[in-house]
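Build me a model:
(one chain, ligands or ions: 1)
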Amino acid sequence: MQCDEIKELLAGYQDGELDGAQTAQVREHLAGCEACRTELGRLNKVKEVASKVQYKDLPLEVWEGYWQGVYRRIERGLGWIFASLGAVILLCFGLFHLVRDFFLRPEISIFAKLGVAGLIIGGAFLLVSLIRERMFAYHRERYREVQR
Ligand SMILES: [Zn+2]
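This next block holds a predicted model:
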């Protein structure tokens with residue numbers, strides 16, 4: 001048999017679909033033909049890759065879970081961005097008014113100003129500490145999501 005004929009039989013040979021005589025012919029040809037052995041090797045690799053891809057595609061709910069996770073992460077990320085933006089704007093606005101209408105007014109006692117300054121600085125420290133704790137918990141949660 002010629003190489004062209006053998007190559008047409010190789011897929012069937014690989015899947016064990018040939019009859020006894022054909023199998024013997026292909027086997028005999030392969031023993032003496034490097035090119036057809038290489039071709040069979042290529043077919044085996046293709047089959048191997050195809051079976052792996054199928055295996056990966058099979059559990060659909062895994063993919064659904066993956067996209068749900070991505071969506072949730074985007075949603076949460078957007079939530080954090082908008083909330084932070086709003087907080088920064090409000091903070092700047094509030095600070096501006098506080099400085100202009102409270103700290104820069106000479107008729108307000110220095111003690112009241114010191115008291116309010118203390119409250120603000122203490123509150124800022126508490127807020128930063130709270131945010132850091134929340135971020136730590138968020139990252140740990142994400143880590144757990146990845147692990148699952
Ligand atoms: Zn050949």
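
Determine the next helix or strand in the C-terminal direction from the strand or helix carrying E61.
Per DSSP states H and E: E61 is located in helix 60-98. Downstream of helix 60-98, the first helix or strand assigned by DSSP H and E is helix 110-147.

What helices and strands are in contact with that next one?
Secondary-structure packing of helix 110-147 (3 or more CB pairs under 8 Å, 6 or more residues apart in numbering; DSSP states H and E): helix 60-98. C-betas here are computed from N, CA, C, even on glycine.

starting at the chain centroid, how far to the helix it packs on?
17 Å (CA atoms, centre = their mean, to the nearest Å).

What average pLDDT does it get?
In this model, helix 60-98 carries a mean pLDDT of 87.

Could you list the contact residues of the chain toward the ion?
Residues of the chain lying near the ion by CB under 5 Å from the ion: 3, 33, 35-36.

and with 8 Å instead?
2-3, 6-7, 29-30, 32-36, 39 (CB under 8 Å from the ion).

Which of those residues are buried, as a ChimeraX select command?
Typed into ChimeraX, the next command selects the buried ones out of the residues of the chain next to the ion (criterion: 16 or more other CB atoms under 10 Å):
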select :6,7,29,30,36,39
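
Save the residues of the chain next to the ion as JSON lines, and put in secondary structure too.
Putting the residues of the chain next to the ion into JSON lines (DSSP: H, G, I helix; E, B strand; the rest coil) gives the following:
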{"residue": "Q2", "secondary structure": "coil"}
{"residue": "C3", "secondary structure": "helix"}
{"residue": "I6", "secondary structure": "helix"}
{"residue": "K7", "secondary structure": "helix"}
{"residue": "H29", "secondary structure": "helix"}
{"residue": "L30", "secondary structure": "helix"}
{"residue": "G32", "secondary structure": "helix"}
{"residue": "C33", "secondary structure": "coil"}
{"residue": "E34", "secondary structure": "helix"}
{"residue": "A35", "secondary structure": "helix"}
{"residue": "C36", "secondary structure": "helix"}
{"residue": "E39", "secondary structure": "helix"}
